[in-house]
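Visitor: sequence and predicted structure, then a few things I'm wondering about:
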Amino acid sequence: MRLSILQINLDKSAGTLRRVLQYAFYDWRRDMSRSRRLLTLAGLLIQLGALVFALMAKAKPFTFLAVLIYVVGLCLMNGMLTAEFVRKTQLEADQTAAEQIQQTLHPQKVEELPGYQLEVFYKPLRGVGGDYFDVIELPDGRTLFAVADVSGKGMPAALLAANIQALVRSISNVLSDPRSLATHVNHHLCRYTPPDRFATAVFALLSRETGELTYVNAGQNPPILSSSGRATFLESTGMPLGLVPEAEFECQRVVLPPGGKLLFFTDGLTDGIGGQKPEERVCGAVADDSGPAMSNLKSLISPKFNEDDITILLLTRIVGRAPALTVNSEPDTQSPRS
């Protein structure tokens with residue numbers, strides 16, 4: 001019979017009592033190095049041996065020796081566990097700081113988009129995530145939308161997402177054309193990131209006056225344009241960024257008509273929907289006018305299937321002036337899979 005150990009994950013958002021219980025039953029050895037794990041087990045075995053020796057000993061000197069051996073084993077085990085506790089506390093503090101930094105990288109507000117309404121929902125699986133989105137105001141009534149999904153999860157993915165964010169921000173005023181932007185980012189990632197790291201992305205340039213959208217889809221989930229009950233998928237026009245330096249990207253153009261909706265999203269949305277044909281359910285949620293489209297989309301996400309970062313940008317073209325962007329960002333409420 002195979003022995004299975006229940007793994008308790010630490011949740012820094014939990015209440016005080018729950019947090020105390022988590023620390024009490026957490027298996028601190030599971031992330032230790034092999035040498036520290038062996039020393040911890042050695043300390044535990046020394047204590048058990050001392051207890052057996054004390055029960056078998058009849059003379060007081062031997063009892064005192066057993067107590068001494070027990071204290072040595074206890075100190076050895078506690079020393080290793082305390083060192084691991086300190087290490088995890090430092091990592092937790094670093095991750096909290098990383099969360100705060102990443103939140104500043106995502107836009108909290110943009111200038112009003114006359115005639116448009118923009119809603120954003122962002123939920124990382126862990127404290128920090130590999131999803132990136134940005135909304136950049138450009139001259140001549142243009143707005144650049146950027147959505148990317150970096151391979152992997154956690155801190156490594158977040159660092160690469162921050163790299164892409166800084167690069168897009170620094171060159172967007174010069175290279176606002178989506179094709180040039182995708183080509184430049186692709187060259188940068190191929191040159192400065194490991195071969196196993198890449199990102200899917202969509203760069204879309206909106207002319208607010210006409211509703212014309214010029215976009216490049218580099219292997220990302222196709223954005224959905226919904227209008228008059230019909231859904232159009234903005235399919236991929238190039239391969240993911242960071243794989244092939246000579247990759248070419250094709251620009252496509254569509255028009256977002258008045259009353260139309262344009263949905264950008266990462267695969268965390270479709271992966272977090274249980275059942276068959278999640279893309280069709282997403283299309284239905286966007287087209288359903290019985291309630292707010294963003295609420296419809298969020299209601300599709302099942303905690304049971306949510307195992308990735310989720311980013312949703314919903315742009316609606318309306319008549320009149322729209323409120324500024326509001327970002328609905330949820331904290332980490334789920335633990336990664338062990």
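Guide: Perfect, thanks for sending it.
Visitor: dihedrals phi and psi, K277?
Guide: Note on K277: its backbone torsions stand at phi 50, psi 60 [degrees, to the nearest 10].
Visitor: can you show me the helices along the stretch 51-200 of the chain?
Guide: Along the stretch 51-200 of the chain, the stretches classed as helices by DSSP state H, counting those that start in this stretch are 60-105, 154-171, 178-192.
Visitor: which stretch among these comes nearest G272?
Guide: The minimum distance between G272 and those falls on helix 154-171, with 17.1 Å, by CB to CB. In short, each C-beta sits where N, CA and C put it, glycine included.
Visitor: and the closest one, what's its mean pLDDT?
Guide: Helix 154-171 carries an average pLDDT of 87.
Visitor: go on, stretch 291-301?
Guide: In this model, stretch 291-301 carries a mean pLDDT of 88.
Visitor: which stretches of the stretch 1-150 of the chain have low pLDDT?
Guide: Applying pLDDT under 70 to the stretch 1-150 of the chain flags the ranges 1-32, 58-60, 90-106, 108-111.
Visitor: ok, back up a step: and the helices of the stretch 51-200 of the chain as a markdown table, adding mean neighbour count and distance to L256?
Guide: Formatted as a markdown table, these follow (neighbours: other CB atoms under 10 Å; distance: least, CB to CB, whole Å):
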| stretch | mean neighbour count | distance to L256 |
| --- | --- | --- |
| helix 60-105 | 14 | 27 |
| helix 154-171 | 18 | 22 |
| helix 178-192 | 20 | 15 |
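Visitor: quick one: those as CSV, columns for distance to F198 too.
Guide: Below are the helices of the stretch 51-200 of the chain laid out as CSV (distance: least, CB to CB, whole Å):
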stretch, distance to F198
helix 60-105, 20
helix 154-171, 9
helix 178-192, 7
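Visitor: quick test: name the residue nearest the centre of the chain.
Guide: The residue lying closest to the centre of the chain (CA atoms, centre = their mean) is G129, at 2.4 Å.
Visitor: so who does that one touch?
Guide: Residues near G129 by CB atoms under 8 Å, 6 or more residues apart in numbering: Q102, K153, G154, A157, A158, A161, D309.
Visitor: give me the neighbour count for the last one.
Guide: Right, D309. D309 has 27 neighbouring residues, counting by other CB atoms under 10 Å.
Visitor: over to the second one?
Guide: A count of nearby residues for K153, using other CB under 10 Å, gives 20.
Visitor: residues in contact with it?
Guide: By CB under 8 Å, 6+ apart, the residues touching K153 are L125, R126, G129, G130, D308, D309, P336.
Visitor: may I ask which two of the contacts of G129 are separated the most?
Guide: Farthest-apart pair in those is Q102 and K153; separation 13.1 Å (CB to CB).
Visitor: adding distance to T143, write the contacts of G129 out as a markdown table.
Guide: Output for those, formatted as a markdown table (distance: CB to CB, whole Å):
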| residue | distance to T143 |
| --- | --- |
| Q102 | 22 |
| K153 | 29 |
| G154 | 31 |
| A157 | 26 |
| A158 | 25 |
| A161 | 21 |
| D309 | 23 |
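Visitor: out of those residues, which one sits closest to A182?
Guide: For the contacts of G129, the nearest to A182 is A161 (15.9 Å; CB to CB).
Visitor: not counting sequence-adjacent ones, nearest residue to the closest one?
Guide: Once flanking residues are discounted, A161 sits nearest to Y132: 4.1 Å by CB to CB, 6 or more residues apart in numbering.
Visitor: ok, that neighbour to R37 distance?
Guide: Distance, Y132 to R37, by CB to CB, to the nearest Å: 37 Å.
Visitor: quick check: the farthest pair among the contacts of K153?
Guide: Checking those with CB to CB, the most distant pair is G130 and P336, at 12.6 Å.
Visitor: who touches both of these two?
Guide: Listed as contacting both G130 and P336 by CB under 8 Å, 6+ apart are K153, G154.
Visitor: which one's more surrounded, the two?
Guide: Each of G130 and P336 has its neighbours counted (other CB under 10 Å); G130 has more, 30 against 11.
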